[in-house]
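**Student:** Mind looking at a prediction? Sequence and model below.
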Amino acid sequence: MSCPDCNRGSILEGKPTGLFTEIHGVKAYLASGAHQSRAIILLSDVFGLPLVNSHLLADKFSKELSCDVWIPDLFDGQPPLDVDGMTQDLMQKRPGIWPLWDKIKFIFMIGLPRIGIFFRSRASVVDPRTTTFIQMIREQRKYEKVGAVGYCFGGSLGVRLASLDIIDSLVVCHPGAVSEAEINAINCPTSWVCAEDDMSFSPTIRNKAEALLEIRKGKGNYVDYEFVDYKGTVHGFACRPHLEFPDVKEAFEESINQTVKWFEKTLPPTSGGSTVA
């Protein structure tokens, strides 16, 4: 988490249809699909498993892709931010620079009081937990291909996982901090959902990320990629959108379509994959 937008947004309406389970001591939400040859891991934002938005997205992806979609508890029951504390004022309709006061308030009222939880959510803790979870479901469910879609914090996590040979495709939605070294290490196809105004994944960083992937063309380490920019959006729009704004609603829906199309392209179901009646 690195900007005020991480704590802003709206809770989507709807009733989840999946169920909660536990894999190797990690609680998870599972939206079950018919085809068992592939699965998707949804890597949540800093609100973690309690935010219903993630459940509804998992249900949607499971329906569209006809496969299992998992949301592991990245934070072992202690997400960095509390859903009840989400600032549900209107997210900006048009991009703009956050006032200095908002940044100061964010640091002192949200960041500092929860610094211990943020520390427990560092990469050296979350990454091994997530890696083990993915390895376990691959082993238990015999999935042939596993993709991941990550939002904000989960987007950064996804980029790091994309170098470990445990996922076969990745969709990155307005990620938190990512380094050039992490981008250079990516070894699976990636699709990037980019907000116009993003303090974490700024236009400069976004353009650099694309350049680093583009320069691989014609080389042995090339992996397929795409970047899609959504005008009039801010960090968080793909998972905590304010649907009152028609353009934000359209961008949110298109980000879902982008994700579905990417996985259909990069994780096609095999004819030999089993199905659930």
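**Tutor:** Yep, that arrived. Numbers count the residues shown, from 1 in each chain.
**Student:** what sits up against the host helix or strand of residue 250?
**Tutor:** Using DSSP states H and E, residue 250 falls within helix 246-266. With contact meaning C-beta atoms under 8 Å, 6 or more residues apart in numbering, helix 246-266 is reached by 38, 40, 57, 60-61, 64-65, 91, 93, 147, 149, 168-169, 171, 173, 189, 191, 193, 224, 226, 228, 230-233, 237-238, 241-243. In this view, the C-beta of every residue, glycine as well, is placed from N, C-alpha and C.
**Student:** can you pull the contacts of residue 16?
**Tutor:** With C-beta under 8 Å, 6+ apart, residue 16 has these contacts: 29, 31, 52, 55, 56, 58, 59.
**Student:** what separates the helix holding residue 250 from the chain centre, distance-wise?
**Tutor:** 13 Å (C-alpha atoms, centre = their mean, to the nearest Å).
**Student:** same question, stretch 157-170
**Tutor:** For stretch 157-170 - counting by C-alpha atoms, centre = their mean - the centre lies 12 Å from the chain centre.
**Student:** just stretch 232-242 next, same as before
**Tutor:** 12 Å.
**Student:** Put the alpha carbons of that stretch into PDB.
**Tutor:** Taking Å, rounded to 0.1, in the frame of the first residue of the first chain, the C-alpha atoms of stretch 232-242 are listed here in PDB:
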ATOM      1  CA  GLY A 232     -10.500   8.900 -16.400                       C
ATOM      2  CA  THR A 233      -9.600   6.300 -13.800                       C
ATOM      3  CA  VAL A 234      -7.600   6.200 -10.600                       C
ATOM      4  CA  HIS A 235      -5.700   3.500  -8.800                       C
ATOM      5  CA  GLY A 236      -8.100   0.900  -7.500                       C
ATOM      6  CA  PHE A 237     -10.800   1.300 -10.200                       C
ATOM      7  CA  ALA A 238     -10.600  -2.400 -11.300                       C
ATOM      8  CA  CYS A 239     -11.500  -3.700  -7.800                       C
ATOM      9  CA  ARG A 240     -13.200  -0.900  -5.900                       C
ATOM     10  CA  PRO A 241     -14.900   1.200  -8.600                       C
ATOM     11  CA  HIS A 242     -17.500   3.900  -8.000                       C
END
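**Student:** so how far is residue 53 from residue 267?
**Tutor:** 23 Å (C-beta to C-beta, to the nearest Å).
**Student:** For the contacts of residue 16, which two are the farthest from each other?
**Tutor:** Greatest spatial distance among the contacts of residue 16 (C-beta to C-beta): 31 and 52, at 12.6 Å.
**Student:** More neighbours: which of those two?
**Tutor:** residue 31 (24 against 17; other C-beta atoms under 10 Å).
**Student:** In this structure that one contacts residue 62, no?
**Tutor:** Yes: with contacts defined as C-beta atoms under 8 Å, residue 31 counts as touching residue 62 at a distance of 3.7 Å.
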